[in-house]
Each structure stands twice: as C-alpha cells, then as structure tokens.
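In: quick one, structure for this:
(one chain, ligands or ions: 1)
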Amino acid sequence: MSDTSFDLLVIGGGITGAGIALDAATRGMKTALVEMQDFAGGTSSRSTKLIHGGLRYLKQGEFKQVAEVGRERAIVYKNGPHVTKPEWMLLPIYQGGTLGRWGTSFGLWLYDRLAGVKRSERRKMLTVAEVLEKEPLLNKTGLLCGGYYVEYRTDDARLTLEVTKKAVAKGVLAVNYTEVESFVYNKELIAGVRVKDQLSKQEYVIPANKVVNAAGPWVDLVREKDGSRKKTIQWTKGIHLVFDQRRFPLRQAIYFDTFDGRMVFAIPRDGKTYVGTTDTIFHGDPMHPRMEVEDRVYLLGAISGTFPGLYITEKDIESSWAGIRPLIAQAGKKPSEISRKDEIWHSSSGLLTVAGGKLTGYRKMAEMVVDRIPGNWGPCQTRQMPISGGEVGRADNFLHYVEETAKASSFSLQWAKQIVCQYGSNAKTIFSLARELAKNKEDLGLPIELLAILEYSIREEMAVTPADFFVRRTGALYFRRKWVEEWKQPVISYMAKRFDWSLKEKIKHLTDLNQHLQETILAVGEES
Ligand SMILES: Cc1cc2nc3c(=O)[nH]c(=O)nc-3n(C[C@H](O)[C@H](O)[C@H](O)COP(=O)(O)OP(=O)(O)OC[C@H]3O[C@@H](n4cnc5c(N)ncnc54)[C@H](O)[C@@H]3O)c2cc1C
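Out: Residues are numbered from 1 along each chain as shown. As a prediction, this is how the structure comes out:
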C-alpha cells in the first residue's frame, strides 16, 4: 500500500468504510481501506443484527427516512440473501402499553406503503388467540392483539466481510490491524496517512489524494488527529444477552414494550434466543464495551415482564455482547431519543467524515459520501451489485439454490447446506478447499469441515487471531460456545503452526480468547 498513490483512502473497516470502499472502487477510484482492529471489530459486529425497516422513524414522524430505509432494506436483501433472511416479527399490544391497537395497525399499514413492502410481506393484525398461538410464552395479562410484520435478520460481521471482499474483488487494497496514527499534509491539505501495523509494529506512509474518516465511534478521535475536532459524537451503549433455547424456548421473534417505554427485541437464532438492546450514555473505552450489572438487571426485568413464566435469571445467560452507537449529539435528548441519522462533515484539510446511520442504510450512505469526492468519477454502481457470495440468482429463490448447490457438492447434505446458507456462492470455494485439504494425509487435529472454514477465513478473509475466527468469521463465541470450548485448542494449535507463532504468542492468543469467553458471561467487575 505504501508503494501506491491512492485516489481515496478509507479509515475504518466497519460496514460504513466497507461500503464506501466498494462504491468508490466501482466508480474507478484507486482505493485503500485500513482498519485498526479486525474488520467489523467495532460496532459492526455488535448490533442487534437486523436489517431494519424504519419503524422507529415512523414514531418520530420522519416519513422520508422510512421510505428510504425500506428501499435500502430490500436492496441489501437482494444483493446478499446469504447474509440477510426475512424474519416475521410479532409486536404484542398490551393494555396501557406505549403502542395502541389502532395506532399500530395504521402505523404498520403506512410503513408498508412508505417502504414499498412487497405484498406477501405486508403487515397482518392478529387476535389474542393468534398471538398466543405464535408465541405461547408471552404474558397473557392485558394482551389486546398483535401486529405481525417482516424484518430481516443478518449477521452484521459477515455482512461487513462480504462487502469488504467484494470491494477487494473490485480492486480495493484492504488491511486489518493497521491503525491510522496521523495525517501527512501537502500545503495544509491531507496527502496521505501514517499507519502502524498493530502486529509487526512497523510504520508506513500511505499516499492518498482524499481521505474519508469512517471510524464509527472513533470519528471524533480521528478528527482530533487532523486538528479539526468539534464535539459531535455521543456514545451510547447497547447490550444483548444470549440464552439457550432449552431455557428460553422462543418460537417467534418479538419486538416488545419494556416498563420504561423503550422497545426490546427477542430473537430466536441457531438454537439460542437473544434479547436486546439497552441504550445508555457511555464514557468508557470504545474498544472494549461490556455488559454492566445494571444492563443485565434491566434486560432480565424486561424479559420477566413479557415472559413471566420463564423465571429467567442471570445464571441462564450463556453469552452477551455490547456495542457503541456513534450518534450525532443532540443536546437535551435521552439516549433512546437521539436520531439515528447519518451526517457528513468536511474539514478545511480535505478530510471527509461520516458518522451515525445504521447497518441497513450503509449502501446509500456510501453513495452519498462518494458523490462528494471531487473528480470526474462515474455514477454509483452498487444498487444492483451482489456482494461477495451473493451470486445466487434471485434472492427469493435462495433456498432452491442452497438445495441444488449442496446436493452437487459431494459432501454430507446437512453440512453442505449449512455452508451454502452461510457463504452463498462462495460455498463452492469452501468445498474445493475441503477437497484440497482432505488430500493432505498429515493429521492436523481438526475435522475437515472445520479446517475448510478456518482455512477459508485465513486465506480469503484475513483472519489472523483465534478471536477473528470464533467471533467475527463464525459468530460462534455468541451462539455456539460449546463448539468454541471444544475446538479452541486445536484451532489455536493449527493457527500457531500456520503463522509460525512462538509459544509465548500461542499462550497469549489462548489467554485472549479465554478472556473473551469469560467477559461474555460476567458483568464488569465480576471477574474472579
Ligand atoms: C447495540 C446496537 C444495536 C444496533 N442494531 C442495529 C440493527 O439491528 N440494525 C442496524 O441497521 N443498525 C444497528 N446498529 C447500528 C449499526 O451497528 C452501526 O450504525 C454500524 O455498525 C456502524 O458502522 P461503522 O462502520 O460506522 O462503525 P464501526 O463498525 O465501529 O467501524 C469503525 C471502524 O473504524 C476503526 N477505526 C477507528 N479508528 C481508526 C484508526 N485510527 N485507524 C484505523 N481504523 C480505525 C474501528 O476499529 C472500527 O472497526 C446498532 C448499533 C448498536 C450499538
């Protein structure tokens, strides 16, 4: 990278930076992307993992926003059905709750129209009996009816990786674990960045005509390095708790009212149920946000109000994660009232900063940023462009694609389907990797199925630590803890050999992963 002069350099490998890099490259810009942690290591692996319609914007009367987010939601699904799945959401309506029967019915109707929701996914209103049939665990007291509408479930980190990989396929040079430490100037205008490789500790200068700051919660800190900081970002923290389905056998995704008038999601996924989120002002280290005792008490209280027969306690928590929202500060507003809108700022040095927004609107946000880059570049190309793994034909035919590709793979149907579901058209690369690795007679201590995805993560997705693999490449740390416990030693041994780690490095990686595992079940201050 330091040998090249770029038209554009993007700081931040979350969904915002990945989207910008892809948009810019496809318009003809020579583009670089640098990320100081792992790709999606910031907020983009710590969200509620939904490609939302903008129901909350409707409540705030922001109709234009609802229409735009609705359109974008459909585009994200169409371009990547392997990372975005429709999920019917149930909105139970209670006597005295913040949502009324007629208001909800009208709101969802209006939402369907504004967001251009397709006929088969338009809202239905359900009777009490229908609501309880869908989800018998719900509190029956005061239940009036329910709204039933479609959201889309995603894997935020994998969505970010697929967009990044597409950007790389279009010519972007992207690297993780590389921090922008300062800017390089030519006559007071930014002419590049000075970066430090976080693994080798080597420093480099990367020349670039234009630099975009897409550093999420860190955008103010990056602006500070350019001397152009104004207080603009308000950090708020949101956490999620994960339970096993045997303890919290939720059948149906629910969006429910809490005792303080906020709304919380409970979502079934891969044999687990996850619940979130909270929304509180945060002043800590954005690199390591964690569950605090108050967060846990709040969510357990919300769960017991809506699912009273379960008697869920903190002992039932299998995992958790916390994320920081980079919101545009609005004086006098409560955290949950601050708008989720995005904004772009120019600095006199030429630095372009983008902040706020959602996963859902990433493509449009990228288009708006790249539109502002001076030069004779073409129009945005990403609207009809499948992301990496998205070359699967029509999105609504995805299940058929999964069946056919799995059958043709020569591997066990169950495993092959799982791989196609998760990796889409890239599954074929994993299958051929598995065949290649199977030829090797050396005992690597790992089943071929695991080895194939691990090797794919290393070769195609730049995984360099065990946490990269277990947290962001597979989501297993949150949803398959037993699997992580079972395989962490052999995976670390394989990576140690693959990357030539010293014993000290190997121990450090194991300690880091164990700490990660511990921190997902213990609140801050509870470590022994
Ligand atoms: C609890 C919670 C729930 C959410 N739920 C949803 C949801 O369900 N649906 C939805 O659409 N949105 C949701 N969001 C919002 C969404 O997750 C964020 O808007 C989005 O992930 C922000 O992406 P980003 O790329 O801007 O920031 P990030 O993902 O944080 O990326 C910024 C990156 O910049 C890197 N960086 C910072 N400084 C430097 C530097 N000096 N050099 C190099 N790299 C640097 C960081 O390491 C980081 O990885 C949620 C957010 C939270 C917190």
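In: what does the stretch 301-450 of the chain put close to the ligand?
Out: With Cβ under 6 Å from any ligand atom as the criterion, the stretch 301-450 of the chain meets the ligand at residues 323-325, 357-360. In short, each C-beta sits where N, CA and C put it, glycine included.
In: which one of these is nearest to residue 157?
Out: Checking those against residue 157 with Cβ to Cβ, the nearest one is residue 359 at 10.4 Å.
In: chain neighbours aside, what residue packs nearest to the closest one?
Out: Closest residue to residue 359 apart from its sequence neighbours, by Cβ to Cβ, 6 or more residues apart in numbering: residue 15 at 5.3 Å.
In: and the one you found, how far is that from residue 448?
Out: 32 Å (Cβ to Cβ, to the nearest Å).
In: could you pull out the helices for the stretch 251-400 of the chain?
Out: Assigned by DSSP state H, counting those that start in this stretch, the stretch 251-400 of the chain shows helices spanning 293-306, 362-371, 398-407.
In: in the first one, what counts as buried?
Out: By neighbour count, and taking 16 or more other Cβ atoms under 10 Å as the criterion, the buried residues in helix 293-306 are 295-296, 298-300, 302-304, 306.
In: max pairwise distance over the residues you listed: which two?
Out: Comparing every pair within the buried residues of helix 293-306 by Cβ to Cβ identifies 295 and 306 as the most remote, at 17.2 Å.
In: now residue 104: closest residue in space, sequence neighbours ignored.
Out: Leaving out its chain neighbours, the residue that sits closest to residue 104 by Cβ to Cβ, 6+ apart is residue 147, at 4.7 Å.
In: correct me if wrong: that neighbour contacts residue 109.
Out: No: assessed by Cβ atoms under 8 Å, residue 147 is found out of contact with residue 109, at 9.8 Å.
In: overlap in contacts of the two?
Out: Shared contacts of residue 147 and residue 109, defined by Cβ atoms under 8 Å, 6 or more residues apart in numbering, comprise residue 123.
In: quick one: contacts for residue 29?
Out: So residue 29 contacts 6-8, 370, 373, 375, 377 (Cβ under 8 Å, 6+ apart).
In: more crowded one of residue 147 and residue 109?
Out: residue 147 (24 against 15; other Cβ atoms under 10 Å).
In: and the helix or strand harbouring the more buried one, how far out from the chain middle?
Out: Counting by DSSP states H and E, the element that carries residue 147 is strand 143-154. Offset of strand 143-154 from its chain centre (Cα atoms, centre = their mean, to the nearest Å): 21 Å.
In: average model confidence for that strand?
Out: Rounded to a whole number, the mean pLDDT of strand 143-154 is 94.
In: that one pairs with which strands?
Out: As defined by DSSP bridges, the strand partners of strand 143-154 come to strand 50-51 (antiparallel), strand 84-94 (antiparallel), strand 124-126 (antiparallel).
In: what residues does the protein put near the ligand?
Out: Neighbours of the ligand within the chain, by Cβ under 6 Å from any ligand atom: 11-17, 34-37, 41-44, 46-50, 52, 179-180, 214-218, 222, 238, 277, 323-325, 357-360.
In: coming back round to it: mind putting the residues of the stretch 301-450 of the chain next to the ligand in a markdown table, neighbour count included?
Out: Putting these into a markdown table (neighbours: other Cβ atoms under 10 Å) gives the following:
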| residue | neighbour count |
| --- | --- |
| 323 | 24 |
| 324 | 22 |
| 325 | 24 |
| 357 | 25 |
| 358 | 21 |
| 359 | 23 |
| 360 | 27 |
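In: and of the residues you listed, the nearest to residue 478?
Out: Nearest to residue 478 among these is residue 323, at 12.0 Å by Cβ to Cβ.
In: residue contacts, the closest one?
Out: Neighbour list for residue 323: 43, 45-47, 237-239, 277, 289 [criterion: Cβ under 8 Å, 6+ apart].
In: now do the contacts for the closest residue to the ligand within the stretch 401-528 of the chain.
Out: The stretch 401-528 of the chain approaches the ligand most closely through residue 472 (10.3 Å), counting by Cβ to the nearest ligand atom. Residue 472 makes contact with 38-41, 45, 157-158, 161, 463 under the criterion Cβ under 8 Å, 6+ apart.
In: picking up where we left off before, who's in contact with the residue nearest to residue 104?
Out: So residue 147 contacts 90-91, 93, 99, 104-105, 108, 123-126 (Cβ under 8 Å, 6+ apart).
In: please repeat the previous calculation with a cut-off of 6 Å.
Out: 91, 104, 108 (Cβ atoms under 6 Å, 6 or more residues apart in numbering).
In: so how far is the ligand from it?
Out: 18 Å (Cβ to the nearest ligand atom, to the nearest Å).
In: okay, now the unreliable bits of the protein?
Out: Where the chain drops to pLDDT under 70, the residues are 229-231, 339-340, 441, 528.
In: spatially central residue for it, please.
Out: Nearest to the geometric centre of the chain sits residue 156, at 2.1 Å (Cα atoms, centre = their mean).
In: quick one, what contacts it?
Out: 44-45, 47, 49, 359 are the contacts of residue 156 under Cβ under 6 Å, 6+ apart.
In: again, 8 Å this time
Out: Residue 156 makes contacts with 15, 40, 44-47, 49, 359, as judged by Cβ under 8 Å, 6+ apart.
In: do residue 213 as well
Out: Contacts of residue 213 by Cβ under 8 Å, 6+ apart are 11-12, 219, 222-223, 351-354.
In: beta-bridge partners for it, please?
Out: Beta-bridge partners of residue 213, counted by DSSP bridges, are residue 11, residue 353.
In: sorry, back to before: quick one: the residue nearest to the centre of the chain and residue 320, what's the gap?
Out: Residue 156 is 15 Å from residue 320, where distance means Cβ to Cβ.
In: equivalent analysis for residue 214, please.
Out: Where residue 320 is concerned, residue 214 sits at a distance of 27 Å (Cβ to Cβ).
In: so for these two, which sits in the more crowded spot?
Out: residue 214 (30 against 23).
In: the more buried one contacts residue 10, doesn't it?
Out: Yes: Residue 214 lies in contact with residue 10 (Cβ under 8 Å); the separation is 5.7 Å.
In: overlap in contacts, the two.
Out: 17, 20.
In: quick one: residues contacting the residue nearest to the residue nearest to the centre of the chain when sequence neighbours are not counted.
Out: Closest residue to residue 156 apart from its sequence neighbours, by Cβ to Cβ, 6+ apart: residue 47 at 4.8 Å. When contacts are counted by Cβ under 8 Å, 6+ apart, residue 47 touches 156, 238, 323, 359.
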